[in-house]
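Student: the amino acid sequence is not available; the structure is as follows:
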Ligand code: UGA
């Protein structure tokens, strides 16, 4: 079985590399020649734990190839995966232009019967349009079937998720095509759910929308908790122990970001509008998330009155740990609002500093060591819970700041930790630890430094 993958972004590259690792013959195609050149040298264009090792291993084995030429990339392909981006268009709808280009390329270049598998997140019905476009561009008399096979990988653990996912969804109306994709995926040993094409396309949006709803829900309970005196960490534990609710995606914070939840929730609202359905719930989820992103700024303004001239260390810039992805990261809205308030920003991220420069205001100063940010700061903001940031921030704030104060957007510490270290501490959905309340018990052990 010869497999081609169009698109070497997070989805396409990880899919191609992992399929080659279970023994499939895979050719990854991308129009970006620079990216392809790097991949041929075994260099991954994205930061993803474990990926580069598998690229090198499977190229050496001869299972994995890269090309920017669709004639070479699609020749003799039995199965072609489409894994190109579906960015958010101006009206919130998914922009399908890359998808349609991929479909035309497939039609023009295949040399035998083909199963086209859509990995990209696309609105319901798109797979049938893909099939039409492939057929329209065919250069020979080949059979074309389409299968929707949405991906559920998380950035930062995409390789792990490929081998340990909860399910693989195969949406098809042709049993033979469905069987081919099932056999390809069998070595992963992950439960397979077979559905219609329409359902598979909707499962992807519904899954992301549900997870985003869980986050906005717990953030809203956190906001109420701050006013009534309850503690959101205890509440998450308490409701998460109910197996009908489950403990995951109940971490309150400064909102969700990334390339998926913000885009897919808006696209789902757009899909609903197109059929005259007002998706109130999803609109609130998105609106709440926007407000949540600047929660820490509002808390700091309340505490200090004005942030004019204050030096603020932003620790963690990527939308979550273990990635350098800055798309829709809360750090973007936070830094812009802080600059408007007249604050001076010193930013630190273990790996996203370079990417961040494209997204944050020009006046932001970047440092390569966390201590350099904390030493210069009047106020510390934790935006991403990188392991290094959690390990060092509390102790270093105590050590280097005149009046240590942390605004923690990810609830990295307990209020007891803050009291122990004599650090003023404001987090999400919990009572702040104020200077007057600090017990002043000197920590005996600085092992986390
Ligand atoms: C998400 C889904 O989890 C994947 O299943 C899906 O395949 C992917 O989108 C996609 O559509 O491609 P990802 O965007 O990589 O994956 O990141 P998540 O780990 O889901 O986190 C998303 C955001 O939610 C982050 O900003 C994170 O900080 C936030 N989050 C997550 C919370 O605020 N609280 C939580 O309890 C969990």
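Tutor: Thanks, I have the structure now. Every value quoted in this text rests on a predicted model; they were computed, and no experiment measured them.

Student: let's verify residue 220: helix, strand, or coil?
Tutor: helix (DSSP: H, G, I helix; E, B strand; the rest coil).

Student: residues near it, how many?
Tutor: Residues lying near residue 220 (other CB atoms under 10 Å) number 17. (Glycine included, C-beta is placed from N, CA and C.)

Student: and the pLDDT at the nearest residue to residue 191 once chain neighbours are set aside?
Tutor: Spatial nearest neighbour of residue 191, chain neighbours left out: residue 167 (5.0 Å); criterion: CB to CB, 6 or more residues apart in numbering. Predicted confidence (pLDDT) for residue 167: 98.

Student: so residue 167 sits against residue 193, correct?
Tutor: Yes - counting by CB atoms under 8 Å, residue 167 does reach residue 193; the two are 5.3 Å apart.

Student: quick check, pLDDT for the residue nearest the centre of the chain.
Tutor: When CA atoms, centre = their mean is applied to the chain, the residue found nearest the centroid is residue 258 (4.0 Å). Residue-level confidence at residue 258 comes out at 95, pLDDT.

Student: where does it sit: helix, strand or coil?
Tutor: The three-state assignment at residue 258 reads coil, by three-state DSSP.

Student: spatially nearest residue to it (excluding sequence neighbours)?
Tutor: residue 319 (4.4 Å).

Student: residue 54 too?
Tutor: Per CB to CB, 6+ apart, closest to residue 54 is residue 17, 4.9 Å.

Student: can you list the residues of the stretch 301-449 of the chain near the ligand?
Tutor: Within the stretch 301-449 of the chain, the residues that sit near the ligand (CB under 6 Å from any ligand atom) are 319-320.

Student: going along the chain, name the helices of the stretch 301-449 of the chain.
Tutor: Assigned by DSSP state H, counting those that start in this stretch, the helices in the stretch 301-449 of the chain fall at 330-340, 353-356, 370-375, 387-400, 415-420.

Student: would you mind listing the buried residues in stretch 369-380?
Tutor: 370, 372-380 (16 or more other CB atoms under 10 Å).

Student: now that stretch: mean pLDDT?
Tutor: 98.

Student: run the chain-centre distance for it.
Tutor: Centroid separation between stretch 369-380 and its chain, computed with CA atoms, centre = their mean, to the nearest Å, is 27 Å.

Student: now stretch 191-198: mean pLDDT?
Tutor: 98.

Student: hang on, the earlier thing: for residue 8, which of the helices of the stretch 301-449 of the chain is the nearest?
Tutor: helix 353-356 (17.7 Å; CB to CB).

Student: show me what residue of the stretch 1-150 of the chain gets nearest to the ligand.
Tutor: The nearest approach of the stretch 1-150 of the chain to the ligand comes at residue 121, 6.1 Å away (CB to the nearest ligand atom).

Student: how about the contacts made by that residue?
Tutor: 86, 94, 150, 204-205, 208, 260, 263-264, 267 (CB atoms under 8 Å, 6 or more residues apart in numbering).

Student: for stretch 301-320, how far is the first residue from the last?
Tutor: End-to-end distance for stretch 301-320: 25 Å, by CA to CA, to the nearest Å.

Student: chain center to it, what's the gap?
Tutor: The answer for stretch 301-320 is 24 Å, by CA atoms, centre = their mean.

Student: repeat for stretch 44-60
Tutor: 19 Å.

Student: tell me the buried residues in it?
Tutor: Per 16+ other CB under 10 Å, stretch 44-60 contains these buried residues: 44-48, 50-52, 54-55, 58-59.

Student: from start to finish, how long is that stretch in a straight line?
Tutor: 15 Å.

Student: which residues are in contact with that stretch?
Tutor: 8-10, 13-14, 17-18, 20-21, 26, 35, 38-40, 42-43, 64-65, 155-160, 322-324, 351.

Student: what about 7 Å?
Tutor: 10, 13-14, 17, 20-21, 35, 38-39, 42, 64, 158-159, 322-324, 351 (CB atoms under 7 Å, 6 or more residues apart in numbering).

Student: among these, which ones are in strands?
Tutor: residue 64 (DSSP state E).

Student: out of the contacts of stretch 44-60, which are buried?
Tutor: Here, 16+ other CB under 10 Å leaves 10, 13-14, 17, 20-21, 35, 38-39, 64, 158-159, 322-324 buried among the contacts of stretch 44-60.

Student: which helices and strands does the strand or helix carrying residue 129 pack with?
Tutor: Using DSSP states H and E, residue 129 maps to helix 126-137. With contacts taken as 3 or more CB pairs under 7 Å, 6 or more residues apart in numbering; DSSP states H and E, helix 126-137 sits against helix 97-109, strand 114-118, strand 144-148, helix 197-228.

Student: change it to 6 Å
Tutor: Helices and strands touching helix 126-137, by 3 or more CB pairs under 6 Å, 6 or more residues apart in numbering; DSSP states H and E, are helix 97-109, strand 144-148.

Student: identify, out of these, the most deeply packed stretch.
Tutor: Ranked by mean neighbour count, those are led by strand 144-148 with a mean of 24 (mean count of other CB atoms under 10 Å).
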